[in-house]
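*Asks:* Need a 3D model of the sequence below.
(chains A and B)
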Amino acid sequence: GDSVTQTEGPVTVSESESLIINCTYSATSIAYPNLFWYVRYPGEGLQLLLKVITAGQKGSSRGFEATYNKETTSFHLQKASVQESDSAVYYCALGESNYNVLYFGSGTKLTVEP
Amino acid sequence: DTTVKQNPRYKLARVGKPVNLICSQTMNHDTMYWYQKKPNQAPKLLLFYYDKILNREADTFEKFQSSRPNNSFCSLYIGSAGLEYSAMYLCASSKRTINQDTQYFGPGTRLLVL
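*Replies:* Okay, the predicted model is just below:
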């Protein structure tokens, strides 16, 4: 089936350090999958961080970047220098365009220490 | 207003009793979704409405019902709650587009079945 696997948390990094959260996907029934990162900040609902719908393209938002790599079926999330305010749970998701259905990974809880 | 509202935020139910959760949005989105989220697991799609058409995932087909009386509201109904239904229930909405539009999520309803 269609599935997403991402770095198991929790992940703790110090402020200004770099970050990578790994995400790989398997799309067996979706011909042209779209890839997303959603984030849930403490006390808030899930919200879109970034999305990429074309293989080979890079998405970016709030200093985070992720590149859609069809060859390695990966969509790793990276940031060069994290801040305390980046502490949240990050979800990688695979999507199909017909009805905007999303298949999520299990989430990675990130804590950024001052 | 990009808010998706869910009521109630917390729900305590007894085993064998029915549960009805409510979701609303005022973005005129044509699609509304319900996900189940358990600790350390991925949000799992239960069902979605595209306009007036209900689509339910195969493995949860018999466990959950839903109704959408108008474009703005969508409910999730459990006829007879079991302990395994304890979870966070997330509602989301989106507009069907060619390039897969963002899903907007509500804050969730935390259901505890005793």
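*Asks:* and stretch B:17-28, which residues are buried?
*Replies:* Buried positions in stretch B:17-28, judged by neighbour count with 16 or more other Cβ atoms under 10 Å in any protein chain shown: B:19, B:21, B:23-25. Backbone N, C-alpha and C define where each C-beta goes, glycine included.
*Asks:* let me redo that: stretch A:36-55
*Replies:* Here stretch A:36-55 shows A:36-40, A:45-46, A:48-53 as buried, counting by 16+ other Cβ under 10 Å.
*Asks:* Okay, strands next: where are they in the chain?
*Replies:* No chain specified, so I'll use chain A. Along chain A, the stretches classed as strands by DSSP state E are A:3-6, A:11-14, A:19-21, A:23-26, A:34-40, A:47-52, A:58-61, A:64-67, A:77-79, A:88-95, A:102-104, A:108-113.
*Asks:* The intended chain is chain B.
*Replies:* B:4-7, B:10-13, B:19-25, B:31-37, B:44-50, B:53-56, B:65-70, B:73-78, B:87-94, B:104-105, B:109-113.
*Asks:* Can you lay out those strands as a markdown table showing mean pLDDT and distance to chain A?
*Replies:* Shown next, in a markdown table, are the strands of chain B (pLDDT from 0 to 100; distance: least, Cβ to the nearest Cβ, whole Å):
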| stretch | mean pLDDT | distance to chain A |
| --- | --- | --- |
| strand B:4-7 | 94 | 7 |
| strand B:10-13 | 97 | 14 |
| strand B:19-25 | 97 | 12 |
| strand B:31-37 | 96 | 6 |
| strand B:44-50 | 94 | 6 |
| strand B:53-56 | 91 | 7 |
| strand B:65-70 | 95 | 14 |
| strand B:73-78 | 97 | 14 |
| strand B:87-94 | 96 | 5 |
| strand B:104-105 | 94 | 4 |
| strand B:109-113 | 97 | 11 |
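*Asks:* Ok, which of the ones you listed comes nearest A:Val89?
*Replies:* Smallest distance to A:Val89 across those (Cβ to Cβ): 10.6 Å, for strand B:31-37.
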